[in-house]
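Engineer: I'll drop the sequence and a predicted model, then ask my questions.
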Amino acid sequence: MDIFSIFTLFGGLAFFIYGMNQMSHSLERIAGDKMEQVINKMTQNRLSGLIMGCVITVAIQSSSAVTVMLVGLVNSGLMNIGNTVAIIMGSNIGTTITAWLMSLVGLSSDNVFVKMLKPESFSPLLAFIGIGLLMISKKPKKQDVGNSFIGFAILMYGMVMMSSSVRPLAESPVFLNLLGSFKNPILAVLAGLIVTAVIQSSAASIGMLQALSVTGNITYGMAIPIIMGQNIGTCATAVLSSIGVGKNAKRVAVIHLSFNLIGTAFFMLVYFVLHIIFDFAFVDKEINPMGIALCHSIFNIATTILLLPFSNLLIKIATKTIKTDPEKRIAFLDERLFDTPSVAISECNKLSNEMALLTKDAVHDSLDNLFINSGETNEAIADLENQVDVYEDRLGSYLVRIAGEKLSQSDSRTMSKILHSIGNFERISDHALNLVKSAEEISQKKIEMSESAIKELEVLGKAVNEIMEITVRAYKEMDISEASKIEPLEQVIDMLVESIRQNHIVRLQKGHCTIEKGFILADILNNYERISDHCSNIAVAIIEADSDIYDPHEYLKKVRVEEKSIFNSFLEEYEQKYNIKKLQ
């Protein structure tokens with residue numbers, strides 16, 4: 001074998017790994033819009049978890065990416081470790097699809113339809129289509145499809161390069177002696193394990209084995225132990241990703257490793273015991289790429305059937321291996337989810353929903369507590385405000401970092417909605433805390449508001465409570481019809497604030513109120529008004545995420561002018577509902 005063949009072999013491997021990564025990342029972005037729905041179905045039901053694990057792996061063509069994603073989700077406290085077992089098993093089955101695709105390299109026939117299945121025939125066409133989509137289409141979704149086609153073509157080209165480069169090995173004494181050592185099953189397992197662990201891709205190592213099989217010197221007896229070793233070696237990615245994470249996340253890596261170790265040990269024992277008894281004839285038979293794909297699938301499916309009923313045992317093994325006290329829930333996202341940006345964005349959205357609910361509770365409690373001033377309630381509101389601050393800080397930092405990843409259009413809009421909203425939710429919680437300070441001042445100075453002022457503030461408080469309810473509901477459900485109610489209600493709140501200020505001036509002139517009370521009232525009204533303003537900003541962010549509107553002023557203009565009838569309809573409804581003139 002000359003030096004050129006060696007360069008071609010490693011060049012083919014490089015093309016293969018690059019193509020695999022390109023295809024995997026592109027498919028992940030394509031599947032991103034549906035990823036959240038898939039994750040939500042990952043329940044404790046073993047069968048559904050198994051199916052979901054398989055579906056995700058087939059969709060993004062990377063079992064390693066799925067495992068790293070699970071480590072990140074568990075480390076973030078967003079998934080229970082028990083839910084990961086079936087998903088890991090399903091991902092092991094899903095990854096065998098790649099081996100079947102690569103087995104097409106070994107097809108040989110004079111039939112024109114069979115020839116069209118050969119990578120040499122259809123890969124150039126896929127590459128051409130992919131380049132066409134990249135050059136012509138401006139839509140990110142179609143560009144991702146184009147990138148996945150190009151990645152698949154590069155992958156297959158790398159496979160063909162590896163296959164052609166190893167053909168001279170068939171007559172190399174050195175190579176034949178090396179293969180002779182693989183007749184020892186222990187060495188064969190170790191070879192598969194080490195190669196896969198080094199390149200961190202079971203698909204690539206399977207591809208190398210399939211390429212070597214075209215020399216005609218790889219037998220079933222050699223290939224089966226190597227395939228088992230490759231399944232153990234693929235755990236290296238999960239083990240490396242678990243460094244520096246919490247205990248439960250480490251246990252995910254242990255479960256993945258245990259699954260493959262137990263499966264290999266069991267089926268190696270069964271395989272050789274049955275071979276001794278029945279003397280399998282196929283052991284010394286030459287294996288081809290399709291035979292390797294078949295063995296790979298049989299091993300993973302059989303291991304899953306064997307161990308799925310013993311999922312709890314795998315969890316116990318992981319728990320005993322990582323022996324420590326139960327850890328506290330980590331409330332925020334793990335950086336490992338950067339490998340699957342759509343999942344990270346989805347989980348950020350869930351956390352922002354939690355933040356929205358905390359903010360609503362803070363406002364509701366502060367409004368109810370304004371003239372009561374319960375110390376316990378004040379502490380609870382301060383705690384809620386502190387939690388909202390933490391959410392805003394960590395979510396903002398996390399999203400800024402993930403912004404560097406290539407996101408789908410839908411994920412980009414969701415990220416924009418969150419980034420534009422969390423600051424507003426944080427400021428709303430600050431105003432809720434300001435109302436606590438007003439309540440404390442009223443109590444400490446024993447200030448008694450006039451009966452008319454209290455009634456007016458009660459009406460205004462109900463309007464503020466409603467705008468918060470609508471805002472949070474619209475934000476959580478991405479409900480545009482609900483969001484459209486926010487701006488007219490904000491206008492009514494502004495009018496109420498102005499009317500109450502004017503009424504206070506009248507009372508002051510008649511001697512029914514004091515300047516000191518006016519200062520307190522002004523603070524309260526300012527906080528009410530600012531809460532409604534921030535709700536209006538959040539409504540804009542919701543609209544932006546569902547359309548091509550990126551200028552808040554243009555949106556407000558459209559709502560007030562172009563959709564005047566709808567705006568006026570809600571405006572009249574809220575004016576009648578919150579009418580302080582009836583109090584006079």
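Structural biologist: Here it is on my side, so go on.

Engineer: next one: the most centrally placed residue in the chain from residue 223, what distance?
Structural biologist: Centroid-nearest residue in the chain, with CA atoms, centre = their mean: residue 343, separated by 0.8 Å. Using CB to CB, to the nearest Å, residue 343 is found at 35 Å from residue 223. Just so you know, the C-beta spots here come from the backbone N, C-alpha and C atoms, and that holds for glycine as well.

Engineer: equivalent analysis for residue 545, please.
Structural biologist: 51 Å.

Engineer: got it, and residue 198?
Structural biologist: 19 Å.

Engineer: who has more neighbours out of these two?
Structural biologist: residue 223 (24 against 11; other CB atoms under 10 Å).

Engineer: so that one sits right up against residue 210, yeah?
Structural biologist: No. Using CB atoms under 8 Å, residue 223 makes no contact with residue 210, being 9.4 Å away.

Engineer: okay, and the common contacts of these two?
Structural biologist: residue 292 (CB atoms under 8 Å, 6 or more residues apart in numbering).

Engineer: tell me the contacts of residue 292?
Structural biologist: 99, 103, 206, 209-210, 213, 223, 227.

Engineer: just residue 201 next, same as before
Structural biologist: By CB under 8 Å, 6+ apart, the neighbours of residue 201 are 17, 20, 64, 234.

Engineer: between these, which is nearest residue 487?
Structural biologist: residue 64 (47.5 Å; CB to CB).

Engineer: tell me the mean pLDDT for the strand or helix carrying that closest one?
Structural biologist: Remark: residue 64 resides in helix 63-75, with elements defined by DSSP states H and E. If you average the pLDDT over helix 63-75, you get 76.

Engineer: who are the packing partners of that helix?
Structural biologist: Packing partners of helix 63-75 (3 or more CB pairs under 8 Å, 6 or more residues apart in numbering; DSSP states H and E): helix 3-40, helix 46-60, helix 84-94, helix 236-241, helix 247-278, helix 341-368.

Engineer: rerun that using 6 Å as the cut-off
Structural biologist: When contacts are defined as 3 or more CB pairs under 6 Å, 6 or more residues apart in numbering; DSSP states H and E, helix 63-75 sits against helix 46-60, helix 84-94, helix 236-241, helix 247-278.

Engineer: would you list these in TSV and tack on mean neighbour count?
Structural biologist: Converted to TSV, the helices and strands packed on helix 63-75 look like this (neighbours: other CB atoms under 10 Å):
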stretch	mean neighbour count
helix 46-60	22
helix 84-94	27
helix 236-241	20
helix 247-278	19
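
Engineer: comparing these, which yields the minimum mean pLDDT?
Structural biologist: Of all those, helix 236-241 has the smallest average pLDDT, which comes to a mean of 78.

Engineer: show me what it is packed against.
Structural biologist: By 3+ CB pairs under 6 Å, 6+ apart, helix 236-241 packs against helix 63-75, helix 247-278.

Engineer: okay, angle between the longest one and helix 63-75 too, please.
Structural biologist: Angle of helix 247-278 versus helix 63-75, following axes from the mean of the first three to the mean of the last three CA atoms, to 10 degrees, is 140 degrees.

Engineer: the strand or helix carrying residue 390: how far from the chain's middle?
Structural biologist: Under the criterion of DSSP H and E, residue 390 resides in helix 375-402. Helix 375-402 sits 22 Å away from the centroid of its parent chain (CA atoms, centre = their mean, to the nearest Å).

Engineer: next helix or strand past it?
Structural biologist: Following helix 375-402 in sequence, per DSSP H and E, is helix 409-444.
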